[in-house]
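In: Mind looking at a prediction? Sequence and model below.
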Amino acid sequence: MGYIKGFLLNLQFFTSIPIRMEIPMDQPHLERAVKTFPLLGLLQGIIYYLIVVALSQFSPFSTIAIAFALWVLSIVLTGGIHLDGWMDTSDAFFSHQDVRKRIEIMKDPRTGAFGVLSVIILLAAKFLFIYEILSFTNNEAFITIILIPFISRTVMGYLLVHVTPAKDEGLASLFHQSVKKKRMPQYWVFWGIMFIVWVITDINIFLFVTLTGMGLITFLFIRKKSVKWFGGMTGDVIGASVEGVELFAWMTWWILLSIDMV
């Protein structure tokens with residue numbers, strides 16, 4: 001029951017899905033929330049996949065219309081929470097200030113020019129990748145869509161656990177302090193189950209391994225650079241990381257399609 005409440009806490013925090021339940025923000029529930037991050041991504045991925053398949057099979061919509069629906073859904077389902085982090089982090093990063101000043105910029109509720117420009121580029125690139133993937137991928141391969149939010153939420157969990165928060169307050173610090181054991185074997189179990197499903201159903205294993213490798217590389221990069229650029233992890237950096245990982249996942253899939261490797 002505790003893990004169910006932890007998962008529901010994730011839905012309240014990171015999605016726009018209405019959960020009419022008051023869940024305490026104490027250490028046990030927060031820890032279980034972190035441990036079920038991959039399941040949050042899996043649920044989001046399944047929703048994306050089912051929408052794409054339903055529109056492809058049972059609607060008269062064109063490919064560009066379906067791509068647009070998926071693109072909008074990815075924003076609406078998360079309530080734009082990660083895009084907000086992307087904009088704040090972009091403003092701080094491109095300010096070229098020291099770490100302390102960057103933290104202050106991220107706290108500022110106003111959005112600067114760099115934040116606006118960066119989110120336009122992010123959303124435009126994401127739409128391009130989604131549209132071309134849907135255009136040149138057969139329906140059976142659409143299931144790979146499930147992997148993208150699954151990977152990004154797994155990376156989110158590892159970053160929250162393994163990177164020291166930049167400050168003693170805020171979302172990142174709250175989740176970081178809640179996890180007592182940093183190994184989180186649950187994540188390996190989730191990955192193992194996903195891999196077995198991919199093997200049994202004879203889905204493209206090469207794409208699975210490539211996207212998994214991309215997730216690992218981005219995790220290592222963000223873990224190192226977040227400390228250098230921002231002094232550690234913050235809620236905004238976490239949001240930017242989720243958007244960045246998903247963008248690179250879509251881009252990796254698109255590149256592989258473009259060079260006929262999947």
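Out: Received the coordinates, thanks. Owing to the predicted nature of the structure, the values given are computational and were not obtained by experimental measurement.
In: which stretches of this structure aren't confidently modelled?
Out: Applying pLDDT under 70 to the chain flags residues 1.
In: what do you get if the cut-off is 50, keeping everything else the same?
Out: Along the chain, no part satisfies pLDDT under 50.
In: my guess is residue 53 contacts residue 145, does it?
Out: No: counting by CB atoms under 8 Å, residue 53 stays clear of residue 145, with 9.3 Å between them. Every residue, glycine included, has its C-beta placed from N, CA and C.
In: Tell me which of those two has more neighbours.
Out: residue 145 (27 against 15; other CB atoms under 10 Å).
In: Next, the contact list for that one, please.
Out: Contacts for residue 145 (CB atoms under 8 Å, 6 or more residues apart in numbering) come out as 45, 48-49, 52, 70.
In: I'd like the distance between the closest residue to residue 84 other than its chain neighbours and residue 15.
Out: Excluding its sequence neighbours, the residue lying closest to residue 84 (CB to CB, 6 or more residues apart in numbering) is residue 239, at 6.2 Å. Applying CB to CB, to the nearest Å, the value for residue 239 to residue 15 is 13 Å.
In: And these two? Which one has more around it.
Out: Neighbour count, other CB under 10 Å: between residue 239 and residue 15, residue 239 has more, with 25 against 18.
In: in the helix or strand harbouring that one, what's buried?
Out: In this structure, residue 239 sits in helix 235-258 according to DSSP states H and E. For helix 235-258, burial by neighbour count (16 or more other CB atoms under 10 Å) applies to 235-254, 256-257.
In: Run through the neighbouring helices and strands of the strand or helix carrying residue 132.
Out: In this structure, residue 132 sits in helix 113-136 according to DSSP H and E. When contacts are defined as 3 or more CB pairs under 8 Å, 6 or more residues apart in numbering; DSSP states H and E, helix 113-136 sits against helix 63-76, helix 81-93, helix 235-258.
In: Run through who's touching the first one.
Out: If I follow you right, that is helix 63-76. 16, 47-48, 51-52, 55-56, 59, 61, 83, 123, 126-127, 130-131, 134-135, 145, 246.
In: ChimeraX command to pick out the buried ones of those residues?
Out: Only the buried entries of those go into this ChimeraX selection, using 16+ other CB under 10 Å:
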select :47,48,51,52,55,83,123,126,127,130,131,134,145,246
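In: Flag every buried residue along the lengthiest helix in the chain.
Out: Ranked by residue count under DSSP state H, the longest helix found in the chain is helix 205-230. By 16+ other CB under 10 Å, the buried positions in helix 205-230 come out as 207-208, 210-212, 214-215, 218-219, 222-223, 226, 229-230.
In: if we can go back for a sec, between the helix holding residue 239 and helix 63-76, how big is the angle?
Out: 160 degrees (axes from the mean of the first three to the mean of the last three CA atoms, to 10 degrees).
In: Tell me what angle helix 235-258 forms with helix 113-136.
Out: 30 degrees.
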